[in-house]
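Colleague: what's the 3D shape of this:
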Amino acid sequence: GGELLILHTGETPYQCTYCGKKFTRKEHLTNHVRLHTGETPFQCTYCEKKFTRKEHLTNHTRLHTGETPFQCSYCQKKFTRKEHLTNHVRLHTGETPFQCTYCEKKFTRKEHLTNHVRLHTGETPYHCTYCSKKFARKEHLTNHIRLHTGETPYQCTYCEKKFTRKEHLTNHVRLHTGETPYHCTYCEKKFMRKEHLTNHVR
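Modeller: As a prediction, this is how the structure comes out:
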């Protein structure tokens, strides 16, 4: 019908009255407008969380139910979200559809390209509300804010230690398990941390 024709012609008849952004489909405009109004009509029946979009609620609910409907045909790993499966499959196929326009680098995921491009542009869209620091990546801001708040969400299951960053916990846990995942290609030595291998190779 009409909407299919619009998609082919590239016409964007649905315009946001808040910011002027245009959309090909009415439901895309409806979802977008909720970012302005803050409306969250889709509530989780398991917890207090609310969402602007039905598919966001569906994805969230699977965290409670443990449902993993998307399975990898290469290794049988299962995922709660289709986009997580798509990203995972590219590890098997080697497909890198997202190319940097500034250099030759290609990426398996769009968000990895976005983060990389900021190295070229110098864009730092994530601002700390406690100090004047700005960051190119959201996870860097999240880690930084914990220095202000003192939050340590990552706890060791072997001892009482807590950490602000997941990678710090991962490195710490290896002290308990003895895991040495970084192997030197020149000799038999193995290391717990990547930077220890890098220093060794030098």
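
Colleague: Please make it C-alpha for all contacts and neighbour counts, starting now.
Modeller: Noted.

Colleague: What separation do you get for residue 34 and residue 127?
Modeller: 23 Å (C-alpha to C-alpha, to the nearest Å).

Colleague: what does residue 36 give?
Modeller: The value you get for residue 36 to residue 127, if C-alpha to C-alpha is used, is 20 Å.

Colleague: Same drill for the two, tell me which one is more crowded.
Modeller: Comparing residue 36 with residue 127 by other C-alpha atoms under 10 Å, the one with more neighbours is residue 127, at 16 against 11.

Colleague: For residue 98, give me phi and psi.
Modeller: Residue 98 has phi and psi values of phi -110, psi 110 when expressed as degrees, to the nearest 10.

Colleague: what sits against the nearest residue to it once chain neighbours are set aside?
Modeller: Leaving aside its sequence neighbours, residue 98 sits nearest to residue 107 (C-alpha to C-alpha, 6 or more residues apart in numbering; 5.0 Å). Contacts for residue 107 (C-alpha atoms under 8 Å, 6 or more residues apart in numbering) come out as 96-99, 113.

Colleague: So which of these wins on neighbours?
Modeller: residue 113 (18 neighbours).

Colleague: so which helix or strand takes in that residue?
Modeller: In this assignment (DSSP states H and E), residue 113 forms part of helix 110-121.

Colleague: Please parse the protein into its domains.
Modeller: As assigned by automatic domain parsing, the chain contains the domains 2-37, 42-93, 98-149, 154-201.

Colleague: Mean pLDDT for those domains - can I get that in CSV?
Modeller: What follows is the domains of the chain, written out as CSV (pLDDT from 0 to 100):
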stretch, mean pLDDT
domain 2-37, 82
domain 42-93, 94
domain 98-149, 95
domain 154-201, 93
